[in-house]
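J.: Predicted model, plus sequence, below.
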Amino acid sequence: MEDLACGREETAANAIESLARQGNVQAQAMLGYLLERGQGLARDEGVARQWYELSAAAGEPSASYNLAVMLLEGRGGAADFRRAAELCHVAAEAGVVEAQVLLARLLSLGRGVRPDAAAARMWLERAAQKGSAEAELGLGILHDKGYGVPRDAAAAVEHYRRAAEGGSVAAQFNLALALELGRGVERDAEQARRWYHEAAERGFPQAQHNLAVMLLEAPGAERDSERAYVYASLAANGGIEHATRLRDRIARELRLGELARARGSLEQWKPRSS
C-alpha cells in the first residue's frame, strides 16, 4: 500500500487487483474501494460491488460495511435496505465503528430493520467508547429528542460538546445553538459564536446564517456588518432562504467601500476541511 501513500495509484491498484484475483480477501475489499472511488482504476460501482460481495462473503468486515452503504444508496445495482442492515450488523459486531454508527441510524429510522431505540443507543455507546464523534452526536440527538432515553438537554449538550471537539460539524452547530439559547447549559454568547464560527468555516449553511445574525446584533465594537454580509451570503448560497433577505438587508446598510470589501472576502472564502 506504500504506492497508494506515495501517489503511485495505478501501480498500487494493479498490484491489489492481482492479489484480489488470487483470492486475498483484504485485497478484494481494497479493490472494491478503489473501483468505487475511481482511485488508480476507472470508476465502476457495479464491479466494485461485486468485489465487495466476494470479500464480505469471506468474512471481511470492511467489505460488509462498504457493501451495506452501496446497498442503502442503490449504487452499483438495486437498493436493498434489509440486506444492507444485515451486512451492517455483521460489520458492527466485528468492531467497525462506522458500521456501528450507521446501524444505530438504521435502528432509529426503522430502515431495513425493525425500529429499536434501545439497540440504537447501545451501538452508539459502543462507537462512542472508541472515540467516534458521530456516535457522540447521535447520543446527543437521542437525549435531545427523548428517543429511547428520558429527554435530557444537559446530557445532550455534553454529548454535543464531545462530538464538536471531535470535529463533527453538525454537533458544532447543535452545541452553538444550545449555548445561544441556554438550552441544557448556561447561555454563553461568546462560546455560541465560537462554535457557530467553527461550523460556518466548515461550510454549514445554518451556522453561517446564525453567525451572521450574531455578528450583526453584537453590541458596540463587536458588531461586524461586513463579516455578517459574507456569512449571510454563504448561507444564502447554501439554500437558507431567509439568509437571502438578511444578506440583502445588510447590503443596503453597508457603505459602498464596505460592501466592496465584503464581496472581495466572499470571493476569496473557501471552506475549511477540518
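T.: Perfect, I can see it now. Numbers count the residues shown, from 1 in each chain.
J.: can we go C-alpha only for contacts and neighbour counts from here?
T.: Noted.
J.: List the buried residues of stretch 74-91.
T.: 75-76, 79-91 (16 or more other Cα atoms under 10 Å).
J.: ditto for stretch 116-123
T.: In stretch 116-123, counting by 16+ other Cα under 10 Å, buried: 116, 117, 120, 121, 123.
J.: what's the burial count for the closest residue to residue 127 other than its chain neighbours?
T.: Nearest non-adjacent residue to residue 127, counting by Cα to Cα, 6 or more residues apart in numbering: residue 97, 5.4 Å away. Other residues near residue 97 come to 24 when the count uses other Cα atoms under 10 Å.
J.: quick revisit: could the buried residues of stretch 116-123 go into TSV alongside secondary structure?
T.: TSV is the format used below for the buried residues of stretch 116-123 (DSSP: H, G, I helix; E, B strand; the rest coil):
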residue	secondary structure
116	coil
117	helix
120	helix
121	helix
123	helix
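J.: ok, residues contacting stretch 147-164?
T.: Residues from elsewhere that reach stretch 147-164 (Cα atoms under 8 Å, 6 or more residues apart in numbering): 117-118, 121, 132-137, 139-146, 170-172, 174-175, 178, 183-185.
J.: From residue 190, how far out is the residue nearest to residue 127?
T.: Distance from residue 97 to residue 190, counting by Cα to Cα, to the nearest Å: 34 Å.
J.: Also residue 115?
T.: 39 Å.
J.: Between the two, which has more neighbouring residues?
T.: The residue with more neighbours, out of residue 115 and residue 190, is residue 115; 16 against 13, by other Cα under 10 Å.
J.: since we're on the closest residue to that one other than its chain neighbours, how many residues are nearby?
T.: The shortest distance from residue 115 to any residue that is not its chain neighbour, by Cα to Cα, 6+ apart, is 4.9 Å, and that residue is residue 107. Around residue 107 there are 22 other residues, counting by other Cα under 10 Å.
J.: what helices or strands is whatever helix or strand residue 107 lives in leaning on?
T.: With elements taken from DSSP states H and E, the one containing residue 107 is helix 97-109. If contacts are counted by 3 or more Cα pairs under 8 Å, 6 or more residues apart in numbering; DSSP states H and E, helix 97-109 sits against helix 81-93, helix 117-129, helix 133-145.
J.: average model confidence for it?
T.: The pLDDT scores in helix 97-109 average 98.
J.: hmm, back to that, I'd like the helices and strands packed on helix 97-109 written out as a markdown table, with mean pLDDT added.
T.: Shown next, in a markdown table, are the helices and strands packed on helix 97-109 (pLDDT from 0 to 100):
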| stretch | mean pLDDT |
| --- | --- |
| helix 81-93 | 98 |
| helix 117-129 | 97 |
| helix 133-145 | 98 |
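J.: out of those helices, which comes closest to residue 240?
T.: Closest approach to residue 240 among those (Cα to Cα): helix 133-145, 22.1 Å.
J.: Just give me the closest of the buried residues of stretch 74-91 to residue 263.
T.: Nearest to residue 263 among those is residue 75, at 39.5 Å by Cα to Cα.
J.: Tell me how many other residues crowd residue 249.
T.: Residue 249: 12 neighbours (other Cα under 10 Å).
J.: before we move on, what about residue 191?
T.: Neighbour count of residue 191, defined by other Cα under 10 Å: 14.
J.: Looking at the helix or strand hosting it now, give me its mean pLDDT.
T.: According to DSSP H and E, residue 191 maps onto helix 189-201. The average pLDDT within helix 189-201 is 98.
J.: Other residues contacting that helix?
T.: Here helix 189-201 makes contact (Cα under 8 Å, 6+ apart) with 169-170, 172-173, 175-180, 206-208, 210-211, 214, 231, 270-272.
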